[in-house]
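Student: okay, here's the prediction I keep looking at, along with the sequence it came from:
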Amino acid sequence: MNRLKMPAWFFAGGLILLQMILVAIIVHGESLTFDEGDHIFAGYMMWHSGDYGLNPEHPPLVKLVATLPLLHKQLWVPELKQRMFKAEAYRDGRDFMERNDGPTHGLLFSMRLAAGVFAVGLSVMVFLMGSKLFGESAGLVALLLVVFEPNVLANSDLVTTDVGVACFFLATIYCFYRFARKPSVIGLSLTGVAAGLALASKHSGILLAPMLLGLALVEIACAERERRKRIAGTLFGGLAAIVVLAVAVLWAFYGFRYAARPAGLVLNPTLSEYAAPLTGVNSWVISHLARWHLLPESYLMGITDIHYAAQQYAIFLLGHDYPHGVWWYFPVALSIKTTLGLIGLVVLAVIALVSRRLRQRRELAYLFVPGAIYLAAAIASGMNIGTRHVLFLYPVAALLAAAGLTALAQHTQRWIWIGGALVACHVISVMAVFPAEMAYGNEAWGGTANTHKYLSDSSVDWAQQLPHIKQWVDAHPGEECWLAYSAYPDLRPQAYGIPCHPLPTAHTGWEILPVDVPETIHGYLLLSADDLEACDWPSDQLNVFERFRWMPMAEQIDHSVFVFHGDFDVHEAAALAAVQKSNILLRQKRPAEALVAAQNAVAWQSDNLLAQTALGDAQTALGDKNSARAAYQLALAAAHRLEADAQPLYVPDLEQKLLP
């Protein structure tokens, strides 16, 4: 049979099958990422005890689907300690996976395959929407671009929410398009259900409200004048019904129960305690929704958490650490993480639009309106920790690129060759770094090996590298090694048989390191990208591995772990480890031991803000207020040397401690 005459669905099925194979290969090479243990444990507990309070930051849908393979398994469950909900879920999730799965990760593999249904769904929606709006050729081109999109590939195998919500965003928009063009009860119902699934996937599903409202206004504006009133009534009435259906679907995933936790358990902190610092309209809305039980308690807890999340994350961008998000993060990140081929194809689409060869303006509104609202919301959110938070923009860009290319190709063969070359560049660029798609960066920024110089977190290093670190360690026996691993102790390299000694990071303040860090180490030093660049610190000056950013490395692992060999002065890391040990001992009401650790920290790094603060805290706990005051004054002087936007994180607290 002539392949050119085969039906479009046959090619689409082949591309989706290829996507599934690529995703399965990636699964085998990655350890748990930072958030997956949290999601998995919460999903398991939802199935087995109806507990929706362990991971309220995200709605249940993806977690429930991913943990379906565990449904009939009786697994070991750690004892709940009623800690703050984030600490409870992360630590219990770690212990749950270490005890029940092990380094081979058979359970994780099955759960990631289950979560992969959302990636398949996303691809199906791209093909259907592209074919419906712009023709089958555009649908196939868009599908090809999405199947080989590095950010989509990197997240398709993970038990996280980003691919799921992108799938249902696209499904809702596609269903609404069909409903708007030909209103029917079935079309209305499908749109409402799809919107509900988006809400049940991630809290950003709320953005469907302004998206659908904007699209309804476009439909009204495009209608003939005499029909606008009737169309407005149909669409606005439909929107009201969609909201009701969507909220009903959301409630269904919480078992139509308001309380987040089963009888005898409460959220820690409670919703009222967690929402208390909110002010203005946010406080009013959440308090009234809770009082009237209009949305599930766990869902409201997640909405509340969103308001704090962006304030809690320091970010790393273009080689610098910032204590908060910046509005230009996503434009820059997208320019780095998007293939040059896809960028070129979007430029072709703009050419097609300006030259009026791409004429489906109403259909284009179904890309531009949702895309613009989503990007604007992402920029305003301040949640600048990875392009996964704007994953929805990639299928939108693929659909736009495909529409532009097919429109231009109808006029002259030259555009076919140009577009084909750009598609080839897109695919080749992605496969050249496969399966290390997490760290992908395009060639204009120096390629994937250099992405860590500009971005961090889930755009480069989401703690996924442990199997490859283990392979590296096994290939270098007999040498002592030290590892700064971005997720330790929330994830532990020891569970994979990695013998390297841990080094302190921004996250190791939860647990005392099992070995003291000496001032000088010998052998191999392995630094995760996030720790090399100190992306979790609000200031470059707090980077204990700063000097290694400029040192030649021996090799890279997964483009996100960097290997150095020799003798190294790590007195800054030793000081940080001592600071964290002192803080933990103080929390354990052991001030004398905390003082010793703080004095060690100051001995290693006397001008360090954190070391002097720890010393002052330990001296205060022991009643030595004069010595504590001297330490706080030195710490305050160090705080004033930080970048201006990082100083508010430390200066007010130190000034408070210096009050008589």
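Tutor: Received the coordinates, thanks.
Student: which residues sit against stretch 383-390?
Tutor: 151, 154-155, 160, 162, 309-310, 313, 315, 317, 325-326, 329-330, 333-334, 337, 374-375, 378, 381, 455-459, 462 (C-beta atoms under 8 Å, 6 or more residues apart in numbering). C-beta here means a position set from N, CA and C on the backbone, and glycine is covered the same way.
Student: which residues of the protein fall in strands?
Tutor: 315-317, 320-322, 481-484, 501-502, 520-528, 555-557, 561-569 (DSSP state E).
Student: list the contacts of the nearest residue to Ile242 once chain neighbours are set aside.
Tutor: Spatially, and ignoring its direct neighbours in sequence, Ile242 is nearest to Gly192 (4.4 Å; C-beta to C-beta, 6 or more residues apart in numbering). Shown in contact with Gly192 (C-beta under 8 Å, 6+ apart): 241-246, 249.
Student: check Val433 too.
Tutor: For Val433, the contact set (C-beta under 8 Å, 6+ apart) comprises 150, 439-440, 447-448, 559.
Student: looking at the residues you listed, spot the one nearest Leu32.
Tutor: Ala439 (17.0 Å; C-beta to C-beta).
Student: quick one: Val396 and Leu367 touch, right?
Tutor: Yes. Shown here, Val396 and Leu367 form a contact pair, counting by C-beta atoms under 8 Å, at 5.2 Å.
Student: out of the two, which sits in the busier spot?
Tutor: Val396 (25 against 22; other C-beta atoms under 10 Å).
Student: report pLDDT for that one.
Tutor: The confidence metric pLDDT takes the value 98 at Val396.
Student: swap in Trp550?
Tutor: 89.
Student: list the buried residues of the longest helix anywhere in the chain.
Tutor: Criterion DSSP state H: the longest helix present in the chain is helix 228-253. Residues of helix 228-253 classed as buried: 231, 234-235, 238-239, 242-243, 245-247, 249-251, 253 (neighbour count, 16 or more other C-beta atoms under 10 Å).
Student: for the nearest residue to Val141 once chain neighbours are set aside, grab the count of nearby residues.
Tutor: Among residues not flanking Val141 along the chain, Ala402 sits closest, at 3.8 Å (C-beta to C-beta, 6+ apart). Number of residues near Ala402 (other C-beta under 10 Å) recorded here: 30.
Student: now do the contacts for Ala402.
Tutor: Applying C-beta under 8 Å, 6+ apart, the residues near Ala402 are 130, 134, 137-142, 145, 345.
Student: ChimeraX command to pick out the buried ones of those residues?
Tutor: Per 16+ other C-beta under 10 Å, the buried members of the contacts of Ala402 correspond to this ChimeraX selection:
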select :130,134,137,138,139,140,141,142,145,345
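Student: wait, which of the contacts of Ala402 is closest to Cys535?
Tutor: The nearest member of the contacts of Ala402 to Cys535, counting by C-beta to C-beta, is Leu145 at 29.3 Å.
Student: the closest one contacts Ala401, doesn't it?
Tutor: Yes. At 6.2 Å, Leu145 counts as touching Ala401 under the criterion of C-beta under 8 Å.
Student: name the residues contacting each of these two.
Tutor: 342, 345.
Student: residue ranges with poor pLDDT in this structure?
Tutor: Residue ranges of the chain with pLDDT under 70: 1-6.
Student: what's the burial count for Leu289?
Tutor: 16.
Student: how close does the closest residue to it other than its chain neighbours get to Leu197?
Tutor: Leaving aside its sequence neighbours, Leu289 sits nearest to Leu295 (C-beta to C-beta, 6+ apart; 5.2 Å). The gap separating Leu295 from Leu197 is 16 Å, by C-beta to C-beta, to the nearest Å.
Student: thanks again, I'm all set now.
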